[in-house]
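> Got a sequence here, can you model it:
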Amino acid sequence: FESYEQDFAVLTAEITGRIGKVPKLVGDDKKQMVANVEKQLEEARELLEQMELEVREIPPQSRGMYSSRMRSYKQEMGKLEADFKRSRIAYSDEVRNELLGDDGNSSENQRAHLLDNTERLERSSRRLEAGYQIAVET
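Model (predicted):
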């Protein structure tokens with residue numbers, strides 16, 4: 001069980017490091033890193049399954065301590081998967097923006113265009129009203 005724990009600790013440290021690198025990479029490097037992290041997460045899940053089997057083989061009097069360790073490892077695994085999901089979502093947002101040609105200032109640009117168009121519409125409305133007034137007076 002202790003050797004599985006050591007393997008799990010090393011694997012989770014590697015996964016954590018790679019998850020941190022995912023948002024900073026671009027293109028094929030990023031895709032490759034995502035694929036590597038997915039493989040490592042699968043390895044970690046398999047390692048947890050092996051650890052669970054080992055805990056079942058341990059005598060009942062000392063099983064409680066190992067069961068609590070397993071719960072903490074499962075929580076850690078859940079946290080890693082959530083972090084990876086967040087980093088992948090950031091990755092997919094970047095890809096979407098890259099494909100659509102959006103940049104970080106797109107909302108500011110859209111707002112500026114909206115304000116310009118609103119001003120142009122107001123000027124045109126004023127001209128139409130002035131023309132209507134002239135038509136009514138004549």
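
> The helix or strand hosting Ala135: how far from the chain's middle?
According to DSSP states H and E, Ala135 maps onto helix 106-137. Counting by C-alpha atoms, centre = their mean, to the nearest Å, helix 106-137 is centred 42 Å from the centre of its parent chain.

> Return the distance of the residue nearest the centre of the chain relative to Pro23.
Closest residue to the average C-alpha location of the chain: Arg86 at 2.3 Å, with C-alpha atoms, centre = their mean. Remark: distance between Arg86 and Pro23 (C-beta to C-beta, to the nearest Å) = 9 Å. For every residue, glycine as well, the C-beta is placed using N, CA and C.

> secondary structure element for the residue nearest to the centre of the chain?
helix 60-100.

> Check which helices and strands that helix sits against.
helix 2-21, helix 27-57 (3 or more C-beta pairs under 8 Å, 6 or more residues apart in numbering; DSSP states H and E).

> Would you mind putting those helices into CSV with mean pLDDT, mean neighbour count and distance to Leu115 alongside?
Listed next are these as CSV, based on pLDDT from 0 to 100; neighbours: other C-beta atoms under 10 Å; distance: least, C-beta to C-beta, whole Å:
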stretch, mean pLDDT, mean neighbour count, distance to Leu115
helix 2-21, 88, 14, 39
helix 27-57, 88, 14, 36
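
> can you redo these as CSV with distance to Asn117?
Formatted as CSV, the helices and strands packed on helix 60-100 follow (distance: least, C-beta to C-beta, whole Å):
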stretch, distance to Asn117
helix 2-21, 42
helix 27-57, 36
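
> and Glu137, which of the ones you listed is closest to it?
helix 27-57 (66.4 Å; C-beta to C-beta).

> Could you chop this protein up by domain?
Following the TED database, the chain resolves into domains at 1-101, 111-137.

> what mean pLDDT does the shortest one have?
Taken as a whole, domain 111-137 carries a mean pLDDT of 88.

> got the buried residues for it?
For domain 111-137, a neighbour-count test (16 or more other C-beta atoms under 10 Å) marks nothing as buried.
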